[in-house]
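# Provided below are the primary sequence and the corresponding predicted coordinates.
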Amino acid sequence: MYPYFDAHCDTLSRCAQEGWSLWENPGHLDLKRLTAYRPACQVFALYADSGKVPPEARFAALEAQAAVLRREQAAGRWGECLLSVEGAELLGCDEALLPVVRDWGVRWVNLTWNYPNALSGSCRTGEGLTEKGRSFARRCWALGLGTDVSHLSDRGFWDLLEIQEGPVLASHSNCRALCDHPRNLTDEMAKALMEAGGFIGLNFCVYFLGERPTVDTVIAHLEHFLELGGEDHVGLGGDFDGADVPEDLSGVEDLSRLWEALYRRNYSEDLIQKIAYQNLARFLR
């Protein structure tokens, strides 16, 4: 039995949208299936499409999602869950709300999602950090929160690393050298993030992997990161319930296929344990 620690899924918002139970549902991931792993931890993204949800309703949407997870934990069915915020516009880009969401169990914040906001441009638009964005990032770090670059523009990425005073990660991003998509990291970005003590979560979204992706495609991205020095920095960020995924990796229950494929490639037990759990656990510590 392998451990499991994943940096990003959209299951909470998907459950809210579809009326599903977080304990058991037909999506990619639920708490019941996570019980197959020991130890196991999932970082659930708090998310709403800010292009469709009016500003006055965004924070309430996140609060409702966090409450669902708290109810499951209170029932004693699952304890090892953390939260992130996918897009600071959902907080109104308001630093005053950071202590509030930290108390919910949020451990990092994406400064943007796919839209530019008062903090920065996104991967779709290209603008860098604003002065408000720099202040917001510093406030995150002062509170012990990480800053997530997975939806940030390239310029915003470099602006953030230039002022880095705390943890930075790419919770769900792959290699741009293998799949030329702006959501993926260039080799220079990946190496800089690793040198800064960051973490990179492998994303299972087909659009960030390449044509007709399979488990072997995920491994190709993993191996590219490892060649760049990622042994202690790469793990899982599957984007379950937020993306289309390969057919042979269609849910959290299929992770055994990834570990078995790594065994066949003569990966060491220690390295598989790092990818499965330890690297993300170390980053959070």
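Good, I have the coordinates.
# ranges for the strands of this structure?
4-9, 40-46, 81-86, 106-110, 146-148, 168-170, 199-202, 234-236 (DSSP state E).
# Can you add distance to residue 118 and give the ones you listed back as CSV?
All C-beta atoms are positioned from the backbone trio N, CA, C, and that covers glycine. Shown next, in CSV, are these (distance: least, C-beta to C-beta, whole Å):
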stretch, distance to residue 118
strand 4-9, 23
strand 40-46, 19
strand 81-86, 15
strand 106-110, 14
strand 146-148, 15
strand 168-170, 20
strand 199-202, 26
strand 234-236, 31
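# Can you pull out the low-pLDDT segments for this structure?
77-79 (pLDDT under 70).
# give me that answer again for 80
Applying pLDDT under 80 to the chain picks out residues 1, 74-79.
# which one's the longest helix in it?
helix 55-74 (DSSP state H).
# thinking again about what came up before, quick one: closest of the strands of the chain to residue 244.
Ranking the strands of the chain by proximity to residue 244 (C-beta to C-beta) places strand 4-9 first, at 13.9 Å.
# same for the closest one, what does it pack against?
The contact analysis (3 or more C-beta pairs under 8 Å, 6 or more residues apart in numbering; DSSP states H and E) places strand 4-9 against strand 40-46, strand 81-86, strand 199-202, strand 234-236, helix 279-284.
# Just want the angle from it to strand 40-46.
Interaxial angle of strand 4-9 relative to strand 40-46 (axes from the mean of the first three to the mean of the last three C-alpha atoms, to 10 degrees): 10 degrees.
# who touches strand 4-9?
28-29, 34, 37, 39-45, 84, 86, 150, 169, 171-172, 199, 201, 203, 235-242, 252, 255, 276-278, 280-281 (C-beta atoms under 8 Å, 6 or more residues apart in numbering).
# 7 Å instead?
29, 34, 37, 40-45, 84, 171-172, 199, 201, 235-242, 255, 276-277, 280-281 (C-beta atoms under 7 Å, 6 or more residues apart in numbering).
# are any of the residues you listed buried, and which?
29, 34, 37, 40-45, 84, 171-172, 199, 201, 235-242, 255, 276-277, 280 (16 or more other C-beta atoms under 10 Å).
# re the thing from before, any buried residues in the longest helix of the chain, and which?
So for helix 55-74, counting by 16+ other C-beta under 10 Å, buried means 58-59, 61-62, 65-66, 68-69, 72.
# Now do it against strand 81-86: the angle between them, please.
170 degrees.
# What is the distance between helix 55-74 and the centre of its chain?
Relative to its parent chain, helix 55-74 has a centroid offset of 18 Å by C-alpha atoms, centre = their mean, to the nearest Å.
# now do stretch 215-227
That offset, for stretch 215-227, works out to 17 Å (C-alpha atoms, centre = their mean).
# now the helices for the stretch 51-200 of the chain?
Taking DSSP state H, counting those that start in this stretch as the criterion, the stretch 51-200 of the chain contains helices spanning 55-74, 98-104, 131-142, 154-162, 187-195.
# Tabulate these in TSV, adding columns for distance to residue 225.
Shown next, in TSV, are the helices of the stretch 51-200 of the chain (distance: least, C-beta to C-beta, whole Å):
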stretch	distance to residue 225
helix 55-74	30
helix 98-104	29
helix 131-142	24
helix 154-162	16
helix 187-195	6
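# right, so of these, which gets closest to residue 117?
Nearest of those (C-beta to C-beta): helix 131-142, 8.5 Å.
# Show me what counts as buried in the closest one.
133-134, 136-138, 140-141.
# okay if I get those residues as CSV plus distance to residue 213?
What follows is those, written out as CSV (distance: C-beta to C-beta, whole Å):
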residue, distance to residue 213
133, 33
134, 36
136, 34
137, 32
138, 38
140, 33
141, 35
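# Out of those, which comes closest to residue 248?
Once C-beta to C-beta is applied, the member of those that ends up nearest residue 248 is residue 140, at 36.7 Å.
# tell me the contacts of that closest one?
98, 109, 147, 166.
# ditto for residue 2
If you count contacts by C-beta under 7 Å, 6+ apart, then residue 2 has 37, 259, 276 around it.
# same question, residue 118
Residue 118 makes contacts with 93, 130, 132, as judged by C-beta under 7 Å, 6+ apart.
# that older thread, which ones among the contacts of residue 2 lie within helices?
residue 259.
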